[in-house]
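predicted model and sequence follow; I will ask about them next.
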Amino acid sequence: MRQNFVAGNWKMNLTLPEAQALTIELMELLKADLTAARPQVVVCPSFPLLMAVGQLLGDSGNPALGAQNFHQKESGAYTGEVSAKQLQSVGCEYVILGHSERRQQFHEDDTLLAEKLKTALTAGLKPIFCVGETLETREADETFDYIGQQLAAGLFHLSKEEFGGLVIAYEPIWAIGTGRTASSEQAQEVHAFIRAQVAAAYDAATAADTTILYGGSCNAQNARELFSQPDVDGGLIGGASLKSRDFVEIVKSF
């Protein structure tokens with residue numbers, strides 16, 4: 001079901017005491033400043049912090065706990081890895097898949113991500129699936145071809161029922177951690193394209209119900225304009241999610 005949605009990706013940041021302090025601040029601000037009609041909020045700490053942060057979030061489901069990644073196999077001799085079932089067992093409801101940093105730095109390709117999607121859904125996790133282009137791809141005027149391929153290879157093998165359990169995040173790679181942000185018009189153009197691709201792969205009703213987030217230097221200053229676009233349903237927030245007041249201002253931007 002399409003809904004306003006803000007997810008905070010903490011990446012590899014914060015010690016346990018820092019994460020606990022941030023979560024407490026966040027919960028206090030959300031309780032004080034927002035109504036029950038607020039967007040779905042998800043917090044995605046790194047693995048060692050998940051249980052402690054989840055305990056502070058509580059079991060209301062909003063804010064919800066999410067993870068940043070997992071291994072595609074259900075269990076086994078994969079030293080240093082974490083399974084989807086393990087994430088679900090410590091309270092995770094969501095997991096980020098296909099983030100550009102995983103694609104670029106850890107060489108996760110569409111075939112691997114398709115396998116991870118199936119594993120996540122089997123374990124009861126809701127994927128936040130990322131797509132997006134590099135600066136070179138955009139300058140070559142190949143953005144739509146590139147993102148269309150990511151969607152087709154990574155997502156459209158799912159049944160309509162399976163697809164209904166996920167969120168898509170558009171993250172222009174050239175705007176992540178660079179201080180550059182896609183204009184609201186650029187963001188809307190790509191979000192509308194993604195929704196059209198979903199409609200073509202499934203149907204118009206499925207496309208209308210799909211939540212599509214913008215991720216790429218979204219902050220408290222530009223969130224309201226970005227979220228005002230008809231096909232932008234919220235944000236996947238990086239650096240700004242590490243500042244409680246900034247993050248809550250983003251949540252309040254609808």
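Received, thanks. Residues are numbered from 1 along each chain as shown.

beta-bridge partners for the residue nearest the centre of the chain, please?
The centroid of the chain falls nearest to Ile128 when counting by C-alpha atoms, centre = their mean (4.2 Å). On DSSP bridges, the residues paired with Ile128 through beta bridges are Ile96, Val167.

contacting residues around the lowest-mean-pLDDT helix or strand in the chain?
When the helices and strands of the chain are compared on mean pLDDT, DSSP states H and E, helix 135-139 comes out lowest with a mean of 90. Residues from elsewhere that reach helix 135-139, judged by C-beta atoms under 8 Å, 6 or more residues apart in numbering: 143, 146, 172-174. No exception for glycine: its C-beta is placed from N, CA and C like everyone else's.

the residue nearest to Gln229 when sequence neighbours are not counted: which element?
Counting by C-beta to C-beta, 6 or more residues apart in numbering, Gln188 is the residue found nearest to Gln229 once chain neighbours are left out, at 3.9 Å. If you go by DSSP states H and E, Gln188 is part of helix 184-201.

would you mind identifying the next helix or strand past that helix?
helix 204-209.

for that following helix, which helices and strands make contact with it?
helix 184-201 (3 or more C-beta pairs under 8 Å, 6 or more residues apart in numbering; DSSP states H and E).

if we use 10 Å, what do you get?
In terms of contacts (3 or more C-beta pairs under 10 Å, 6 or more residues apart in numbering; DSSP states H and E), helix 204-209 is packed against helix 160-163, helix 184-201.

what's the most buried one of those helices?
Of the helices and strands packed on helix 204-209, the one with the most neighbours on average (mean count of other C-beta atoms under 10 Å) is helix 184-201, at a mean of 18.

Ser83 reaches Thr119, doesn't it?
Yes - between Ser83 and Thr119 a contact is recorded at 8.1 Å, counting by C-beta atoms under 10 Å.

which one of the two is surrounded by more residues?
Ranked by neighbour count (other C-beta atoms under 10 Å), Ser83 and Thr119 place Thr119 first, with 21 against 18.
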